[in-house]
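Trainee: quick check, what structure comes out for this input:
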Amino acid sequence: MAAAIPQRDLCARLGGDEFALFVHASPTGAPFELLGRIQKALASPMELKGLPVSIQASLGAARFPKTANLLGS
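Mentor: Numbers count the residues shown, from 1 in each chain. All right, here's what the predicted structure looks like:
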């Protein structure tokens, strides 16, 4: 997943299996392209100690301050 995230952005583990990604301002469609790259990276076949592992993820996006203003209304 780290390879799918630009270096200037931040990925933080919130706990358990929850993560937050903080990205810098970008063109309108760019966050969704990033989510697509992350989802593709997670869907790639992986092995853990020789055993095949498959991962499913739910992804979403919120824009600041636009989305934050809706929460404050």
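Trainee: CA only for contacts and neighbour counts going forward, please
Mentor: Noted.
Trainee: and for residue 36, the neighbour number?
Mentor: Other residues within reach of residue 36, judged by other CA atoms under 10 Å, total 14.
Trainee: who's in contact with the helix or strand where it lies?
Mentor: Secondary-structure element containing residue 36, defined by DSSP states H and E: helix 30-43. When contacts are defined by CA atoms under 8 Å, 6 or more residues apart in numbering, helix 30-43 is touched by residues 1, 4-5, 23, 54-57, 59-61.
Trainee: relative to residue 19, how far out is the closest residue to residue 57 other than its chain neighbours?
Mentor: In space, residue 57 comes closest to residue 39 once its chain neighbours are excluded; the distance is 7.2 Å by CA to CA, 6 or more residues apart in numbering. Using CA to CA, to the nearest Å, residue 39 is found at 13 Å from residue 19.
Trainee: so between these two, which is more surrounded?
Mentor: Counted by other CA under 10 Å, residue 39 and residue 19 do not tie: residue 39 has more neighbours, with 18 against 11.
Trainee: just the pLDDT at the more buried one, thanks.
Mentor: The predicted structure scores residue 39 at 85 on the pLDDT scale.
Trainee: picking up where we left off before, looking at pLDDT only, which of the contacts of helix 30-43 scores worst?
Mentor: In terms of pLDDT, the lowest of the contacts of helix 30-43 is residue 1, showing 62.
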